[in-house]
Each structure stands twice: as structure tokens, then as C-alpha cells.
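Colleague: quick one, structure for this:
(2 chains)
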Amino acid sequence: MNRDPTLPILVAVSVILLAAGPFLPRWAMFLINVSLCYGIVVLGMMLLMRTGVVSFGHGLYYCLGAYAAGTLDQVCKISDMAVMLVAAVIVTALASAALGLLLRKYRDIFFAMLSLAFSMILYGLLVKTSSLGSSDGFNIAATKIAGFTVAGTSVERYVRYALTVVCAFAAGAFMYRYLNSHMGRLAEAIRDNELRVEYMGASVRNVIHVNYMISAVLAGVGGALAAIAVGHIDPEMAYWTTSGEFVFVGILSGTSSILAPFLGAFIFETIRSFAYEYSPNTWQMALGITMLVVIMFLPGGLWSLFTRKRKAA
Amino acid sequence: MAIVLEAKGLNKSFGAVTAANDINVAVERDAVVGLIGSNGAGKTTFINMVTGYLKPSSGTIDFGGRDITPLSPRQITRLGICRSFQIPQLFNSLSVYENLLVGIGIVVSGGKNWSETSHHVGTPGEAVDGMLERFKLSDYRDKFAGVLPEGIRKLLDIAMAMAVKPKILLLDEPTSGVSADEKFTLMDMVMEAVRAQKVTVLFVEHDMEIVTRYTQRVLAFYEGRIIADGLPAVVLGDIEVRKYVTGEAHVAGGHHAAH
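Modeller: From the prediction side, this is the model:
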């Protein structure tokens, strides 16, 4: 039996990205950075999909994580990236613990719509909050990491990039272990047959709640990292189209490997960047066609390209 | 012998239909009890009430001296009453091995909430392989549950109920959908596992050959009531049972033949 190559690949790609960072052109570094932020969020979406529920409102936590980081800088004058990340984790964990109490009772379209409603409430609140810049949002400056001041723009850029790579690695490694644990198998069992899970003595609602919280925290971390990378945040991050993009990338990627969300996010961001550059008015069409092609030819997502080949070999 | 399960004055009606009418049963530890009756007689309703899926309109169910009537199916399962299903309830996209591993994982991660019989020897993986061997499922170890033949699905369904180490096992028509030449092999395997783990068994069955061969006691249901309760030979010879359940006494049955 072949050993699962997922972890070695994850380590290798992370090391290569860290080493190659200083030599990358600015646009490529930014593209990879933003893709990885997206990838972390989609990693959480993947966990939810494997549990059998789809959230159309994960923009809520993406935005919440970003605003947790942003308000630290704006209001408390703390511009330490590490502190910002911790704040994003705490805020999203608490929010998802509370909202999960309600959401865990719902499935399918009801789960999706209710989560969408929550995210739109946050959007509405932020748009009306003038002290946080209303619909314009505000700029954030993350100039320190764990107490050290990062000086010089190119160093600063690399540090932000490296932080994202390390976080993406940690998120990926955690998810790999989690999916291969009892809880990970239970998630798939729930997607297959909730009745049987209950009749074997496990609480379906608890598992869905825990997985919802994990995915929310990942979305928060992704949001905070994106805020740090872009240097600007606005309420659009909680808008339903943002949440829709996460679902889009989740389906595009497939759920069979923890590497899939990162690959899917990278392809998504690449298509978006180039489509936007070459046809600013119809760039969504390029994404739409990509999705159509994936659904028609790779119903298991992009990752099924690899698993298919392995089965044939 | 100690009483492990006791139903007292159980009633259940769905609108005008009475599915359980003053059911009183006490089951002894390690007994193997058959539940017989025509469709709609109340056998599955009884099983559903014992497992907490349906709440009785009145009456109580005691398990090991504890009133379990208000508990949820999950709480009752955790106390040690497990069931299999007439239509196998499996995790179709997981392998046979993983299906059982989920069950044993639940036992292992359950910690102190579990009954004292629930400690497996060795790693969860070893425990699963042991079960696969006992139920002769080793050949199907890495197959997805969704692609198995019906007889194997049935067997896996029962093995999954056994994986969570029950004290009482409720089987809903274990041999329905199983071919005639496989049904005794299946029941032999199940009964061997049941004896090894010292489990009390109640099973719903339409096949009287199976009932006479494997049970020590039979409960015959008719219109929500228990019309006979005793040794298989006695119950199956009972005139009412012959009339309403096994259908051997049709002529004497008169207007009831329409059922």
C-alpha cells in the first residue's frame, strides 16, 4: 500500500514558498498570499461539506476576523500581526459558538439560508457604523510581529507573506490530522446517515457545531491574514457574494484532500486576476465557464484529476 | 434470572389506530426473544418505543431498574440498548472497515458515560478487524458499503449495532432480504457473537423456522396487544396465534382472514 503523500507535499510546498518568497515578483507574491488566505477559508468550507452542510454565510467570519484585526489597529492602536490573529481566532470562536447553537438544528437549504442571513446582518451593521468607515471600510497597518517591528516595505511584504504561508501550513496540517481522526470519520458518517450516527450513540448536533466552529475560526484567520496582506478592509467581506465565492471555490476544489482548497483558491484567484485585467466588464463570465466545465467534467472537483489517475494506475 | 428490560402498561396510538395496547413484558438477562405478528401488529412500534424513537402515550419502560421512557435514542443507546434496521442503515461512502471503526470510535471516545462492558481490547483498528473476522466480513473490508450485496449489508448493519457493545440488541427482521440458504449462516454468526458478548436479544421475525430455531421465548403481537407469550412451541401452537399471526387456521379465522 502506498503511503499517503499529502503531508510531505504540504511540507515541501510550504518550504518552497517560504524560500522562493524573496525572489518572487510583487504581483506573484500578492497573488499567492491572497490565494492562501482564501485557501484557509475554503479548508473550513471543505470540512462543513464533508459533514453534509453548506454555509452560504462564511463571509460573516471572514469579515469578523478582518475587523477584529482592523479594530485592534484602528481603535486600540495595536498593530502586531500575532495579536491580530489571536483576536480573530477568539472573536470568531465565540461568535460561532453562539450562532452554532441555533444553526446545528438545521440542514440543507435552511442551514445555508440562515447562515447567509447572519452574515448579511453583520454587513448591514458595518455599513451603518460610521466610526468604522461605513461602506468604505478603513486601512489597516500591521507593522509588528510578536513584538518585533518590521521595517522597510519589501521586508514587511515578505513577513506578511511568510506569516500566511506558515498559517496555511498549520491549518492544513491540523485539518489533515482532524480528518483522519475519529471526529473526521464521524463527519462523513453524518453526511451519509445521521439516523445511524444517533443510534450508535454520538450526537450529530454536537459534531456539526464543533465543525462549524472550526470552519468559522479558519475563516476568521483567513480574513485577518487577508486584511493584513491587502491593508484595507470593508463590509463587502461579509456580503453574500463573498460567501458565495467560498462555496464556489469549495466545489471547484473538491473535498477529497486538504491540498485541494489551496489549489482551487490559487486557480480561482489567478483566473480572476487575469480575467479582470483582460476583460474588466465580463470577468465573471470566465469564472462561470470554469465552474460549468468543472461540474460537467469533474463532478468531484479539480482534485478528482489526481485521485482518478491514481485509481487507474 | 434478573430482569433487564421491563415494559409496564405501554400504550401508543396514532389517531384512531392503536399501535400498542397495554403491553406488559419483562425480559430476563441473556434471553433470546422473538417478536412475531402480521404487518401493523405493533412489533416495530414496540421496538421504536424501547429505543426512544417513539414516546408511548402512557406507560413506562425500565432498563436495568432505570426508567428510560423520557430519554432520547442516543441516550438510550449510550446506556446499552442498540438496534439494527429492517432496511440496513449504513455509511455508504465509507468502507466496511470504516463503518465499524466509526462505531468503535464512538465507544472509545465516549469515556466514562459508557457502560462497563464497553471496553475494547487492543487498538480500535484491531477491534474492527476482530469483528470483521467474527462476522466473516474480512473479504469486504475495503469495499464501500454502498456497493455491497443485500445479505452483506444486512450483516454489516447488525455488526454495527454490536460494535457499540450493547447489553440489549434489538434486531428488526434480521433475515428479510437474505436468501434462504444464507439466513441460517447469518443467524448462526449473529447468535455466536451475541453469546460471546453476553447480550440480551429481541428480534422481530416473520420466518417461523428462524423463530423456532433461535429463540427461547416468543411474543405474538396482534392489533397492538400481546396475544401470546411463552415457549416457541407453545406460542406457535396457540389457536389465536395460528389464526391471526401464522395464518395456518384461516378457516377458523372467519372475517379476520381479510387482515
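Colleague: pLDDT at the one residue in the stretch 201-313 of chain A that gets nearest to chain B, what is it?
Modeller: Closest residue of the stretch 201-313 of chain A to chain B, CB to the nearest CB: A:G201 (4.1 Å). The C-beta positions use only the backbone N, C-alpha and C, and glycine is treated the same way. We have a pLDDT of 90 for A:G201.
Colleague: I'd like to know how many residues surround it.
Modeller: Residues lying near A:G201 (other CB atoms under 10 Å in any protein chain shown) number 25.
Colleague: what values do phi and psi take at the residue lying closest to it once chain neighbours are set aside?
Modeller: With CB to CB, 6 or more residues apart in numbering or on different chains as the criterion, A:G201 has its nearest non-adjacent residue at 4.1 Å, and that residue is B:T77. B:T77 adopts backbone torsions of phi -60, psi -40, taken as degrees, to the nearest 10.
Colleague: next: B:V164.
Modeller: On the backbone of B:V164 - angles per degrees, to the nearest 10 - the values are phi -90, psi 20.
Colleague: just checking, it touches B:G103?
Modeller: Yes: using CB atoms under 8 Å, B:V164 is in contact with B:G103, at 5.0 Å.
Colleague: returning to what we had before: go ahead and confirm the residue nearest to A:G201 touches A:E198.
Modeller: Yes: using CB under 8 Å, B:T77 is in contact with A:E198, at 7.5 Å.
Colleague: tell me the contacts of the residue located most distally from the centre of chain A?
Modeller: Residue farthest from the centre of chain A, counting by CA atoms, centre = their mean, is A:Y199 at 33.2 Å. Applying CB atoms under 8 Å, 6 or more residues apart in numbering or on different chains to A:Y199 gives the contacts B:T51, B:P73, B:R74, B:T77, B:C82, B:R83, B:Q89, B:A161.
Colleague: of those, which belong to strands?
Modeller: B:C82, B:R83 (DSSP state E).
Colleague: ok, now how distant is the residue in the stretch 151-300 of chain A that chain B sits nearest to from A:T255?
Modeller: Proximity of the stretch 151-300 of chain A to chain B (CB to the nearest CB) peaks at A:H182, 3.6 Å away. To A:T255, A:H182 is 19 Å away according to CB to CB, to the nearest Å.
Colleague: over to B:I104?
Modeller: Separation of B:I104 from A:T255 (CB to CB) stands at 24 Å.
Colleague: looking at these two, which one has more neighbours?
Modeller: Neighbour tally, B:I104 and A:T255, criterion other CB under 10 Å: the higher count belongs to B:I104, 25 against 22.
Colleague: what about the strands in the chain?
Modeller: In the absence of a named chain, this looks at chain A. Counting by DSSP E, chain A has strands at residues A:138-139, A:144-145, A:148-149, A:232-233.
Colleague: not what I meant, chain B
Modeller: Applying DSSP E to chain B gives strands spanning B:3-14, B:17-28, B:32-36, B:58-63, B:66-67, B:81-83, B:168-172, B:200-204, B:217-222, B:225-230.
Colleague: minimum distance to chain A: which of the ones you listed has it?
Modeller: strand B:81-83 (6.2 Å).
Colleague: what's the burial count for the residue in the stretch 51-200 of chain B positioned nearest to chain A?
Modeller: Residue of the stretch 51-200 of chain B nearest chain A, by CB to the nearest CB: B:G105 (3.6 Å). Counted with other CB under 10 Å, residues neighbouring B:G105 total 24.
Colleague: separation between it and A:E188?
Modeller: Noted for B:G105: a distance of 12 Å to A:E188, by CB to CB.
Colleague: spatially nearest residue to the spatially most central residue of chain A (excluding sequence neighbours)?
Modeller: Centroid-nearest residue in chain A: A:V41, 0.7 Å away (criterion: CA atoms, centre = their mean). Of all residues not flanking A:V41 in the chain, A:G222 sits nearest, at 3.8 Å (CB to CB, 6+ apart).
Colleague: report pLDDT for the one you found.
Modeller: 96.
Colleague: OK, contacts around residue 47?
Modeller: In the absence of a named chain, this looks at chain A. Per CB under 8 Å, 6+ apart, neighbours of A:L47: A:M175, A:Y178, A:L179, A:A187, A:N211, A:I214, A:S215, A:L218.
Colleague: that's the wrong chain, I meant chain B
Modeller: Applying CB under 8 Å, 6+ apart, we find B:I47 in contact with B:L35, B:R83, B:L170, B:D172, B:L202, B:V204.
Colleague: could you do B:L54 as well?
Modeller: Counting by CB under 8 Å, 6+ apart, B:L54 has contacts B:K12, B:T45, B:N48.
Colleague: how about the strands of chain A in TSV, adding mean pLDDT, distance to B:F184 and mean neighbour count?
Modeller: Shown next, in TSV, are the strands of chain A (pLDDT from 0 to 100; distance: least, CB to CB, whole Å; neighbours: other CB atoms under 10 Å in any protein chain shown):
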stretch	mean pLDDT	distance to B:F184	mean neighbour count
strand A:138-139	88	76	15
strand A:144-145	82	70	19
strand A:148-149	81	75	10
strand A:232-233	92	69	22
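Colleague: wait, which of those is closest to chain B?
Modeller: Checking the strands of chain A against chain B by CB to the nearest CB gives strand A:144-145 as the closest, at 37.3 Å.
Colleague: just how off-centre is that closest one within its chain?
Modeller: 23 Å (CA atoms, centre = their mean, to the nearest Å).
Colleague: show me what it is packed against.
Modeller: helix A:81-103 (3 or more CB pairs under 8 Å, 6 or more residues apart in numbering or on different chains; DSSP states H and E).
Colleague: tell me where the chain has helices.
Modeller: You didn't pick a chain, so chain A it is. A:6-20, A:26-51, A:59-74, A:81-103, A:108-128, A:153-179, A:182-192, A:194-198, A:204-230, A:240-253, A:260-278, A:283-297, A:304-312 (DSSP state H).
Colleague: chain B, not that one
Modeller: Taking DSSP H as the test, the helices found in chain B are B:43-50, B:73-79, B:96-110, B:124-134, B:150-163, B:183-196, B:208-214, B:232-237, B:239-244, B:250-253.
Colleague: assess the claim that B:K183 and B:E205 are in contact.
Modeller: No: counting by CB under 8 Å, B:K183 does not reach B:E205; the two are 10.0 Å apart.
Colleague: list the residues that contact both of those two?
Modeller: Taking CB under 8 Å, 6+ apart as the contact rule, B:K183 and B:E205 both touch B:T175.
Colleague: that older thread, next, format the helices of chain B as a markdown table and append mean pLDDT.
Modeller: Below are the helices of chain B laid out as a markdown table (pLDDT from 0 to 100):
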| stretch | mean pLDDT |
| --- | --- |
| helix B:43-50 | 90 |
| helix B:73-79 | 91 |
| helix B:96-110 | 88 |
| helix B:124-134 | 88 |
| helix B:150-163 | 92 |
| helix B:183-196 | 90 |
| helix B:208-214 | 90 |
| helix B:232-237 | 85 |
| helix B:239-244 | 81 |
| helix B:250-253 | 48 |
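Colleague: turn the ones you listed into TSV, including distance to A:G300.
Modeller: Shown next, in TSV, are the helices of chain B (distance: least, CB to CB, whole Å):
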stretch	distance to A:G300
helix B:43-50	37
helix B:73-79	32
helix B:96-110	18
helix B:124-134	27
helix B:150-163	24
helix B:183-196	35
helix B:208-214	43
helix B:232-237	52
helix B:239-244	53
helix B:250-253	56
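Colleague: those: which one's closest to A:D234?
Modeller: Comparing these against A:D234 with CB to CB, the closest turns out to be helix B:96-110 (42.7 Å).
Colleague: go through the closest one and flag the buried ones.
Modeller: By 16 or more other CB atoms under 10 Å in any protein chain shown, the buried positions in helix B:96-110 come out as B:96-108.
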